[in-house]
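Asks: Generate coordinates for the sequence data below:
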Amino acid sequence: MTPRRFDPELGWPVSCFFLLFAVPSLYQLVNSGTPTWRIASALTVFAVYAALYVLASMKMWNLGLGPKLVLTAALLALPTALVWLIGLTSTWVFVYGLSLTAMMLPTVLAFSIGLPTLAVTAVLIVANLGFAELFTDWVVLASVFAATWFMGRLIRANYALASAQEEIARLAAAQERARLAEELREHLGHSLAAITAKASAVCAELERGGTPMENVREVEDLAREAVTQVRATVSGYRTASLAAEVVGARAALEAAGIVADLPTAVDRVAPAYREAFAYALRDGVTAVLRRASGATRCEVRLGESWLEVRDDGTAVVPVADGGGVDSGLVERVAGIGGRIDTGPCAEGGFRLRVAVPS
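Replies: I've put the predicted structure just below:
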């Protein structure tokens with residue numbers, strides 16, 4: 001969702017409030033003895049000027065550069081007409097047009113228009129009213145122009161910050177969704193592969209006329225474990241345990257009828273590497289269960305900074321540097337400075353090896 005650049009509900013009351021400062025000067029104009037037609041014309045022009053000022057205050061942040069330039073031209077032409085009607089003592093009316101020019105235009109354009117306008121106004125005041133008059137309305141014009149320019153830059157900076165914060169939130173949400181998807185794929189993939197293998201054993205037992213209650217109960221346990229994994233993943237509190245993965249891998253392999261030659265302890269693995277190795281073990285065993293390679297045996301070997309999973313099935317073309325391996329595992333192994341190698345073993349079968357250089 002894109003944040004609103006400007007709230008019109010805020011624009012019109014603020015601009016109307018600033019227009020109230022013009023009331024005393026307009027009152028003096030009405031009672032100044034100026035010809036009636038000039039007073040009527042000036043009040044009409046000011047009414048149009050004020051309406052345009054309020055409209056521009058509400059719309060300027062959502063307009064392109066072209067419409068902004070048109071508004072700027074109108075906002076400077078109307079006060080020029082007022083000065084022509086009632087004299088140089090009314091140069092204060094430029095304050096509204098110059099303030100919006102400074103605020104809504106890019107810096108180069110704002111100064112390219114505002115500074116010449118101020119300069120011409122100053123020359124006319126000095127030439128016709130004297131140098132002393134320069135320190136009344138003209139100083140206010142210059143000060144307001146500078147102040148509103150700074151205000152415009154501040155508003156733009158705030159908008160940029162809000163947009164950046166929204167983008168950060170969007171990227172964080174996307175990253176969290178990616179994490180959930182990756183974790184669910186990893187955890188459910190392993191559990192479903194084990195359930196599939198155990199279900200195949202149940203079917204085989206039924207075909208032989210047996211009563212596979214033990215296998216059915218194991219399928220139920222595996223399904224419950226999968227539900228627990230999903231809940232832990234969604235809550236964001238799940239971390240992989242190498243010891244638990246060794247136990248789970250043994251159960252999954254045996255359920256599939258594959259001889260599991262796994263270590264009985266994981267103490268020799270450096271603690272900093274155990275979580276990444278746990279994911280590597282899960283990925284490797286899941287690949288053995290999924291791959292239609294005819295594997296009858298799976299071995300897992302562990303060292304202080306390496307892990308190896310190999311089977312005796314039909315090998316595939318070797319792939320190095322994590323190619324063909326789950327991207328989440330590649331990132332985790334890279335996070336500990338490790339390397340993934342996959343490919344056929346010299347004596348047959350397939351191997352996945354994760355190692356962290358010393």
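Asks: C-alpha only now, for contacts and for neighbours.
Replies: Fine.
Asks: what ranges do the strands span in the stretch 251-358 of the chain?
Replies: Taking DSSP state E, counting those that start in this stretch as the criterion, the stretch 251-358 of the chain contains strands spanning 259-261, 297-302, 306-311, 319-320, 339-344, 350-355.
Asks: Please name the strands paired to the fifth one in the sheet, noting orientation.
Replies: For strand 339-344, sheet partners with direction are given as strand 319-320 (antiparallel), strand 350-355 (antiparallel), following DSSP bridges.
Asks: quick one, which of the ones you listed is packed in tightest?
Replies: Mean neighbour count (mean count of other Cα atoms under 10 Å) peaks for strand 350-355 among those, with a mean of 24.
Asks: what does that strand contact?
Replies: 277, 280, 284, 305-316, 333, 338-345 (Cα atoms under 8 Å, 6 or more residues apart in numbering).
Asks: Weed out the non-buried ones from those.
Replies: Listed as buried from the contacts of strand 350-355 are 277, 280, 284, 305-313, 315, 333, 338-345; burial here means 16 or more other Cα atoms under 10 Å.
Asks: can you tell me how far residue 154 sits from residue 103?
Replies: Distance of residue 154 to residue 103, computed by Cα to Cα, to the nearest Å: 10 Å.
Asks: again, but for residue 280
Replies: Using Cα to Cα, residue 280 is found at 58 Å from residue 103.
Asks: what does residue 115 give?
Replies: For residue 115, the distance to residue 103 (Cα to Cα) stands at 14 Å.
Asks: Looking at these two, which has the bigger crowd around it?
Replies: Using other Cα atoms under 10 Å, the more surrounded residue of residue 115 and residue 103 is residue 103, with 25 against 14.
Asks: Determine whether the claim that the more buried one is in a helix is correct.
Replies: Yes: judged by DSSP: H, G, I helix; E, B strand; the rest coil, residue 103 forms part of a helix.
Asks: need the least confident one among the strands paired with strand 339-344, by mean pLDDT.
Replies: Note on the strands paired with strand 339-344: lowest mean pLDDT is at strand 319-320, with a mean of 42.
Asks: Which neighbouring elements make contact with the longest helix along the chain?
Replies: Scanning the chain for the helix with the most residues, using DSSP state H, yields helix 137-207. If you count contacts as 3 or more Cα pairs under 8 Å, 6 or more residues apart in numbering; DSSP states H and E, helix 137-207 packs onto helix 94-104, helix 107-129, helix 213-235, helix 242-255, helix 271-290.
Asks: now do 10 Å
Replies: Where contact means 3 or more Cα pairs under 10 Å, 6 or more residues apart in numbering; DSSP states H and E, helix 137-207 is packed against helix 94-104, helix 107-129, helix 213-235, helix 242-255, helix 271-290, helix 327-335.
Asks: rank those by pLDDT, which is bottom?
Replies: Lowest mean pLDDT within the helices and strands packed on helix 137-207: helix 213-235, a mean of 65.
Asks: ok so, going back, turn the strands of the stretch 251-358 of the chain into CSV, including distance to residue 93.
Replies: Formatted as CSV, these follow (distance: least, Cα to Cα, whole Å):
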stretch, distance to residue 93
strand 259-261, 90
strand 297-302, 83
strand 306-311, 79
strand 319-320, 75
strand 339-344, 72
strand 350-355, 76
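Asks: looking at those, which is closest to residue 32?
Replies: strand 339-344 (88.9 Å; Cα to Cα).
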